[in-house]
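> please find the sequence and the predicted model below.
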Amino acid sequence: MSEDKSETAWAALMALAARPDAAAIRPLFAADADRFIRFSRQAGDVLLDFSKTALSDAVLKALLALAEARDVAGFRARLFAGAAVNETEDRAALHMALRAAPEDDFRAGAENLMPEVLAVRARMEAFTRALHEGRILTAKGEHFTDVLNIGIGGSDLGPAMVARALWTDKAPLRGHYLANVDGHAWAEMQAKLDPTRTLVLVASKTFTTQETMANAALARDWLRASLGEAGTMQHMAALSTNLAATSAFGISPERVFGFRDWVGGRFSLWSAIGLSLALTLGWDAFARLLAGARVMDQHFRNAPLAENLPVLLALVEVWHVNGLGYPSRAVLPYDERLARLPAHLQQLEMESLGKRVAGSGAVLQRVSGPVVFGEPGTNAQHSFMQLLHQGTTPVPVDFILVARPDHAHADSHRKLLANGLAQAEALLMGKDAAAVTAEMRAAGVTEAEIARLLPHRVFPGDRPSVTMLLPRLDAFTLGQLVALYEHKVAMLGALWGLNPFDQWGVELGKQLAGAILPELSAGAPQKPHDGSTAGLIGKIATFWPEGHG
Ligand code: F6P
């Protein structure tokens, strides 16, 4: 990839962005009756409609030229070939291998990864089926009823999001997710679970994460109190890459489900980290989830850039962030079952793209990852959508709509979809002064009152959104949707020239927490701190005179 070519492509894009009408969307619809058809693409079950953005033909062409200049296809090829695309950790990023079919070929260097991937998958399936069929029982010889996954970040958010999306009361086991080291979270969990019926999964890639190891130790004590030493390990399993640490914790090798360092935490729900999903949703659902993700992997790998959903989604983001200067994005799933998707995407996108230096270490010359936030619709409409409609800076939105529900309340579903479509249309079309005035006159409002309220009641419009439409929500379609976002993130890494697979920014806080911990026990700062931190440590001690030890 030549830097000159990239800079020329960026310059061409920014020249289009500098035009006075660059952010206008409504004229694009007015000029093109086929805009929806021309600016939407289908892959597998996912329809991506990006017509409600200010991408003109010229902008799309410039974005695709940027993608060529940044050699995103080369990055994609190296990703699938198992090159060390995670340069700072000298690792591949091969989460696609985890959802591959036996006939697929994934290698890291000379090593064929498929035998190990399939072997772990077979062990997960055997364990799941044995548990469901009563061949693995509790210490008291009964069926397990509940699974508690203890993990944080990628070892929690992905599985918790999928469980929230797909679990029904017909599922074989109940699932629970404990992430925070907050003792309140553990106390609540403990209160609702029966240790004699609960299987505890300690999910941690590193098996060193402070929060997870603290909660795992609490859970082990809790099991011991009811089951004794011998029974406790019948109720535990570990999902990790760190076999030495799982064994030191006391978990026997046949209860450890491994994966490798080429699986990033936020990309790990397809690995052994997804065992809670297999156990609580059933093996077939987990297999369908993997199969759905593989559909998107194949599309991403093979489709030309101009037809490629992850590439297009990434280019739309570049247009919004770099072209138009929009620093955030909202994710609004109009499906309550996807309530945890925004949280999963927050980690996936912000931990991946929240970087200020390029792979080379040079400071980036352009803005990178936006702030991502979201809530299910329609709830979001009654909280933060005011800002999106009338705030000073546009916030692009991902609307996620599911055409067919899995309940019998057709009217509720129509209302839900009507609201989702209406929000996107309102952001796009706005409401101008003439329309507001006519409406108020028709309602008999006085001219003085109209003049007073008019500025408040105008909607500027031309606020962009993309819509992803799924025919239904199930394991297969959800797998496609999540993999779409994963590949979008990889493409943004290539476009911005940063490493989307490392996360050095989480380290400093971990180190400082380690240093502050003994100071809280001592009730006073022992090392130099900024004045605020030292003051707060001392102040907290006054509320806990018996000491924090
Ligand atoms: O602190 C951030 C992080 O490293 C995430 O990247 C990761 O998903 C999470 O912590 C949990 O890590 P682990 O699975 O090793 O416990």
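Yep, that arrived.
> near the ligand, which residues of the stretch 201-350 of the chain?
For the stretch 201-350 of the chain, the contact set with the ligand under C-beta under 6 Å from any ligand atom comprises 204, 205, 206, 209, 212, 265, 266. In this view, the C-beta of every residue, glycine as well, is placed from N, C-alpha and C.
> need the max-distance pair from those residues.
212 and 266 (15.1 Å; C-beta to C-beta).
> narrow the residues of the stretch 201-350 of the chain next to the ligand to those in helices?
Under the assignment DSSP state H, these contribute residue 212 to helices.
> between the residues of the stretch 201-350 of the chain next to the ligand, which is closest to residue 76?
Using C-beta to C-beta, residue 266 comes nearest to residue 76 of these, at 18.7 Å.
> burial of that closest one, as a residue count?
26 (other C-beta atoms under 10 Å).
> what's the answer for residue 345, then?
25.
> what's near enough to touch it?
Residue 345 makes contact with 331, 372, 374, 485, according to C-beta atoms under 8 Å, 6 or more residues apart in numbering.
> now those residues as CSV including neighbour count?
Converted to CSV, the contacts of residue 345 look like this (neighbours: other C-beta atoms under 10 Å):
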residue, neighbour count
331, 24
372, 20
374, 22
485, 19
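> where along the stretch 1-150 of the chain do the strands fall?
All strands of the stretch 1-150 of the chain, identified by DSSP state E, counting those that start in this stretch, fall at 40-43, 46-49, 107-108, 111-112, 146-150.
> doesn't residue 407 lie inside a helix?
No: under DSSP: H, G, I helix; E, B strand; the rest coil, residue 407 falls outside any helix and is assigned coil.
> what helix or strand is the nearest residue to it once chain neighbours are set aside on?
Counting by C-beta to C-beta, 6 or more residues apart in numbering, residue 407 lies nearest to residue 413, which is 7.4 Å off, once chain neighbours are set aside. According to DSSP states H and E, residue 413 maps onto helix 410-429.
> pretty sure residue 270 contacts residue 94?
No: Residue 270 is beyond contact range of residue 94, at 10.7 Å (criterion: C-beta atoms under 8 Å).
> which one of the two is surrounded by more residues?
Neighbour comparison, residue 270 and residue 94: the larger count goes to residue 270, with 29 against 24 (by other C-beta under 10 Å).
> next up, the contacts around the more buried one.
Contacts of residue 270 by C-beta under 8 Å, 6+ apart are 95, 98, 99, 289, 290, 293.
> would you agree it falls within a helix?
No: assessed with three-state DSSP, residue 270 is coil; it does not lie in a helix.
> and the residue nearest to it when sequence neighbours are not counted, what's its pLDDT?
In space, and not counting its chain neighbours, residue 270 is closest to residue 98: 3.9 Å by C-beta to C-beta, 6+ apart. At residue 98, the model reports a pLDDT of 98.
> what residue is smack in the middle of this protein?
residue 345 (2.2 Å; C-alpha atoms, centre = their mean).
> still on that earlier bit, looking at it, the residue nearest to residue 407 is touching residue 405, isn't it?
Yes: with contact defined as C-beta under 8 Å, residue 413 reaches residue 405; the gap is 4.4 Å.
> who in the stretch 401-549 of the chain is up against the ligand?
Within the stretch 401-549 of the chain, the positions lying close to the ligand (C-beta under 6 Å from any ligand atom) are 503, 506.
> how near is residue 162 to residue 269?
Relative to residue 269, residue 162 is positioned 6 Å away (C-beta to C-beta, to the nearest Å).
> if we can go back for a sec, figure out which of the strands of the stretch 1-150 of the chain is closest to the ligand.
strand 146-150 (9.6 Å; C-beta to the nearest ligand atom).
> the next helix or strand along the chain from that closest one to strand 146-150, inter-axis angle?
Following strand 146-150 in sequence order, the next helix or strand is helix 157-166 (DSSP H and E). Relative orientation of helix 157-166 and strand 146-150, computed by axes from the mean of the first three to the mean of the last three C-alpha atoms, to 10 degrees: 150 degrees.
> what pairs with whatever helix or strand comes next after helix 157-166, parallel or antiparallel?
Next along the chain after helix 157-166, taking DSSP H and E as the criterion, comes strand 174-178. As defined by DSSP bridges, the strand partners of strand 174-178 come to strand 146-150 (parallel).
> with only the CA atoms kept, save the partner strand in CSV.
The C-alpha trace of strand 146-150 is given here as CSV (Å, rounded to 0.1, in the frame of the first residue of the first chain):
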residue,chain,number,x,y,z
ASP,A,146,-28.4,-23.5,36.2
VAL,A,147,-25.1,-22.4,34.6
LEU,A,148,-23.2,-19.5,36.1
ASN,A,149,-20.7,-17.9,33.7
ILE,A,150,-18.1,-15.9,35.6
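> what does the helix or strand where residue 455 lies contact?
Assigned by DSSP H and E, residue 455 belongs to helix 447-457. Identification of contacts with helix 447-457 by C-beta under 8 Å, 6+ apart yields 431, 433, 436, 437, 440, 441, 445.
> out of the residues you listed, who's nearest the ligand?
Of these, the one sitting nearest to the ligand (C-beta to the nearest ligand atom) turns out to be residue 431, at 43.1 Å.
> buried residues in stretch 157-168?
Neighbour counts over stretch 157-168 (16 or more other C-beta atoms under 10 Å) mark 157, 158, 159, 160, 161, 162, 163, 164, 165, 166, 167 as buried.
> number of nearby residues for residue 208?
12.
> what distance do you get for it to residue 245?
Following C-beta to C-beta, the distance that separates residue 208 from residue 245 is 7 Å.
> thinking again about what came up before, among the contacts of residue 270, which one lies nearest to the ligand?
residue 95 (12.5 Å).
> can you give me the neighbour number for the closest one?
Neighbours of residue 95 (other C-beta under 10 Å): 24.
> quick check: residue 516 touching residue 537?
Yes: at 6.9 Å, residue 516 and residue 537 qualify as touching, with contact defined as C-beta under 8 Å.
> give the contact list for the closest residue in space to residue 175 that isn't next to it in sequence.
Leaving aside its sequence neighbours, residue 175 sits nearest to residue 280 (C-beta to C-beta, 6+ apart; 3.7 Å). The neighbours of residue 280, taking C-beta under 8 Å, 6+ apart as the test, are 147, 163, 167, 171, 172, 173, 174, 175.
> of the contacts of helix 447-457, which belong to helices?
Those of the contacts of helix 447-457 lying in helices (DSSP H): 433, 436, 437, 440, 441.
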